[in-house]
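**Student:** Here is my input, please return the structure:
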Amino acid sequence: MRTRSVLRSTCWPLLAAAPSSVAAFAYSPTSFSRRSTSSLLRPRSAPARATGGLVRRRLPGSAVLSAGGTDNDTGDLPNGLNGVNGSVSAPPPTPQLYKYRWVQLFYLSILALISDWICFSVAATPDAFAASFSGHSAESLIDIFLFTNVFSCFFVTDLVAKFGLGTVIRFASVLMAVGCAFRSGTCLPTEVGFPQLVSYTSVVGGTIMVGAAQPFFQCTPPALSAQWFGSDERATSTAVALNFNQIGIATAFLVGGGMVGESSAGLADYFYLITTISILAAVGTVLQFKDGPPSPPSSSEVEKLLRNEKEPPFFESVKQFFSTKGFALPFAAFICSISITNVVGAFISEVMGRGGVTGQFEIDLAGAGFELAILVGGVVIGGYVDRTKKYKSVTLLCLAVTACALFPLGLNEHYVGKEPVFCVITLLVLGLACGPIQPVNAELAVDVTYPSDETAVESVQQIGGNLVSAVLVPVAGAASRLDWEVFPKITVLDSDIRGDVVLLMALAAATYAFYTGFDSPLLRTAADNAEGGGKVLEGEVVEVEATGAVASSTP
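**Tutor:** Model prediction:
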C-alpha cells in the first residue's frame, strides 16, 4: 500500500504540471540558447562536404551563427544579424556535432523500449490476464494498442511540424506515463474491479493513451538522426532508436513471465512497476529532452535550413513520396522486415517447440535473444552502411540471409530429429539479418526523398508495416497448421515444412526480386558528399553562398 500511495503522490503532480512543464521546455524547433545547456553542447567535428564557397579558420572568440540565428558561445544575436525582414549578414551555421546527441538518443530509445514493453506486457502472461479479467484476452488488448498506434501515426508528422520534435516527445512521454497510471490504478482515487487491480475499462483507457503516444517514439528516429547526428552516424543512431523497442518486447517476456506467474496480485505489481519506470522516464524527458542543437550536424541539414522550406501536410507528403523514384523499394523492404520479425515474435513458442525448445524459461530466453539480435544487427550493419552508403547491396544480402534462416525454423527432419541448439542459433541469425533491414531502409527512404520531412517518411513506413503485420499474423497462424512433406521416399532427407515459414520465405524472396531494381539517386548523400572528402575541423567555419552549397577545403 505504501508503494501505491507513493505512486499516487507522484502521478497527480505530474498530471497537474504536465502542460506547464511541456510549455516551459518548448524551445525553438531549431535552436536553444547555449547559456541554458551543459558542457555536453560544446561543438565537435562533424562530417560536411559540398560544392562551392570558402572555408576560413575560426578565430578565438568569434561567433558561429546557430540555426536559430544565435551565437553558439553566448546565445545572443551576433553582430550583423538584422532581425527586420529576416535578413542575415552573418555567416550561416557551421556543421557541428554535440555530445548531447547521445542524451537525446538515450531518451528516445528508452521511451521506445517502455512503449513496446507496455504493448506486449501481457503477452507473456495471457493466462493470468484472462483469469483476472474474465471474458477478455491478452491478444485483444494488444490489438487495441496496435490499432490505436496506426491511427496515431497519421497525426505525428503534422504535430511535429507545428510544435517541434522536443515538444511532442515531451508531451508523448507524459501521455504514456498517465496511460500507465490508469492501467495500474495509480491515478484513481479508489481501487475497483478485481483485488489489487482496476477495472478492464481503466486498463483499456490507459492502453489507448500509450498506443497513441508510441508513434511519436517510433516515427521520429530518422528526424532525430538528421537533426543531431553526422552523415556517417545516422543509420547507426536510427537503428538504435528504431530497434530499441525490440528490447522492450524482450523485457516483457523476461520480467513479465517471472514476476506475474498465475496470480492477479502478481499482475497488479507488474503494472505498478511499469508505471514507476514510465513516470521516471517522463520526468527525465520533460527536464532534459531538447528540440535541436545550436548548429546543424551535416551539410545536408545546412542546405535544408537555408532553403527554409515549409513541410507540406502529411497526406500531401505521402503523395510526393510515392511519386518519387525509388521510394517504393525501401518501403517494401521495411514492411517485409517488420512483418517477419512480428510474426516470428508472435509465434515464438510454436517456432521453438518445433526445434525441441519446450521449457517456458528457455523459450523466453530464446525470444529475448532474438530481439537483442535485431538491435545488435541494426547497430553493426547500420554502422557499415553509414561508412559505405551501400544500402542496396546490404539490403539484398540481408534479405537473402533472412530467407535462408527462415527455412530451418519450419523444417522438421525426420531422420535427424529435433535440434534445439541449431534452432536457437538459426533464430539469432534471423534476428541479426532481418532486423537491420528496417533502419537501413528508413534512412534510404529519407535519402531518396531529400529534402523531405524525415518524420513523414518514417510514419508512412510504420503505418504500412503495422497494417501488413496485423493482416499477416492471423494468416500466418492459419498457415502454420499446414504441413508439407518433402522427399518422403528418401529416408535421410525425409522432412516436413510448415506453411507459415513458407509464407514468410515467399515474402522475403518477392521483396528481394523487387528490390533488385533499385537504382535511384541518393540525394541527401549527394548533398553531404559533393566536392571534397574531409570533415569540418573543430573550430572552423564553413561559409555558404546564396545558392546553399557548402564548401569543404583546407584553409
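**Student:** May I have the helix or strand where Met505 lies as PDB, with CA atoms only?
**Tutor:** According to DSSP states H and E, Met505 maps onto helix 499-515. These are the backbone C-alpha positions of helix 499-515, laid out as PDB (Å, rounded to 0.1, in the frame of the first residue of the first chain):
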ATOM      1  CA  GLY A 499       3.100 -23.300 -44.100                       C
ATOM      2  CA  ASP A 500       3.900 -20.100 -42.000                       C
ATOM      3  CA  VAL A 501       7.600 -20.400 -42.800                       C
ATOM      4  CA  VAL A 502       6.900 -21.000 -46.500                       C
ATOM      5  CA  LEU A 503       4.700 -17.800 -46.400                       C
ATOM      6  CA  LEU A 504       7.500 -15.700 -44.800                       C
ATOM      7  CA  MET A 505      10.100 -17.100 -47.200                       C
ATOM      8  CA  ALA A 506       8.000 -16.200 -50.100                       C
ATOM      9  CA  LEU A 507       7.600 -12.700 -48.800                       C
ATOM     10  CA  ALA A 508      11.400 -12.400 -48.400                       C
ATOM     11  CA  ALA A 509      12.000 -13.800 -51.900                       C
ATOM     12  CA  ALA A 510       9.400 -11.500 -53.500                       C
ATOM     13  CA  THR A 511      10.900  -8.500 -51.800                       C
ATOM     14  CA  TYR A 512      14.400  -9.500 -52.900                       C
ATOM     15  CA  ALA A 513      13.300  -9.700 -56.500                       C
ATOM     16  CA  PHE A 514      11.500  -6.300 -56.300                       C
ATOM     17  CA  TYR A 515      14.500  -4.700 -54.600                       C
END
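**Student:** what separates that helix from the chain centre, distance-wise?
**Tutor:** Centre-to-centre, helix 499-515 and its host chain are 24 Å apart (CA atoms, centre = their mean, to the nearest Å).
**Student:** again with stretch 281-288
**Tutor:** Put simply, stretch 281-288 sits 18 Å off its chain's centre (CA atoms, centre = their mean).
**Student:** what do you get for stretch 115-134?
**Tutor:** 23 Å.
**Student:** quick one: average confidence on that stretch?
**Tutor:** Per-region confidence: stretch 115-134 scores 84 on mean pLDDT.
**Student:** Dump that stretch to PDB, keeping only the CA atoms.
**Tutor:** The C-alpha trace of stretch 115-134 is given here as PDB (Å, rounded to 0.1, in the frame of the first residue of the first chain):
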ATOM      1  CA  SER A 115       6.200   1.700 -25.000                       C
ATOM      2  CA  ASP A 116       6.600  -1.800 -26.600                       C
ATOM      3  CA  TRP A 117       7.100  -3.300 -23.100                       C
ATOM      4  CA  ILE A 118       3.700  -1.900 -22.300                       C
ATOM      5  CA  CYS A 119       2.200  -3.200 -25.600                       C
ATOM      6  CA  PHE A 120       3.400  -6.700 -25.000                       C
ATOM      7  CA  SER A 121       3.300  -6.600 -21.200                       C
ATOM      8  CA  VAL A 122       0.600  -9.300 -21.000                       C
ATOM      9  CA  ALA A 123       1.800 -11.400 -24.000                       C
ATOM     10  CA  ALA A 124       4.000 -13.500 -21.700                       C
ATOM     11  CA  THR A 125       1.200 -14.000 -19.100                       C
ATOM     12  CA  PRO A 126      -2.000 -14.500 -21.100                       C
ATOM     13  CA  ASP A 127      -3.500 -17.000 -18.600                       C
ATOM     14  CA  ALA A 128      -3.100 -14.600 -15.600                       C
ATOM     15  CA  PHE A 129      -4.600 -11.800 -17.600                       C
ATOM     16  CA  ALA A 130      -7.600 -13.900 -18.700                       C
ATOM     17  CA  ALA A 131      -8.100 -15.100 -15.100                       C
ATOM     18  CA  SER A 132      -8.000 -11.500 -13.800                       C
ATOM     19  CA  PHE A 133     -10.300 -10.000 -16.400                       C
ATOM     20  CA  SER A 134     -12.900 -12.700 -17.300                       C
END
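**Student:** Any buried residues in that stretch, and which?
**Tutor:** Buried residues in stretch 115-134, counted by 16 or more other CB atoms under 10 Å: 115-125, 128-129, 132-133. Using the backbone N, CA and C atoms, a C-beta is placed for each residue, glycine as well.
**Student:** my guess is Tyr384 meets Val394, correct?
**Tutor:** Yes: here Tyr384 reaches Val394: they are 6.9 Å apart, a contact under CB atoms under 8 Å.
**Student:** who has more neighbours, these two?
**Tutor:** Each of Tyr384 and Val394 has its neighbours counted (other CB atoms under 10 Å); Val394 has more, 21 against 15.
**Student:** State the distance from Gly261 to Ala131.
**Tutor:** 11 Å (CB to CB, to the nearest Å).
**Student:** go on, Tyr512?
**Tutor:** From Tyr512 to Ala131 the distance is 45 Å (CB to CB).
**Student:** Same check on Phe106?
**Tutor:** 37 Å.
**Student:** in the protein, which residue is closest to the centre?
**Tutor:** When CA atoms, centre = their mean is applied to the chain, the residue found nearest the centroid is Leu242 (2.2 Å).
**Student:** Against Val460, how distant is that one?
**Tutor:** 14 Å.
**Student:** what's in contact with the helix holding Met505?
**Tutor:** 329, 332-333, 336, 339-340, 343-344, 347, 392, 395-396, 399-400, 402-403, 406-407, 409-411, 472, 475-484 (CB atoms under 8 Å, 6 or more residues apart in numbering).
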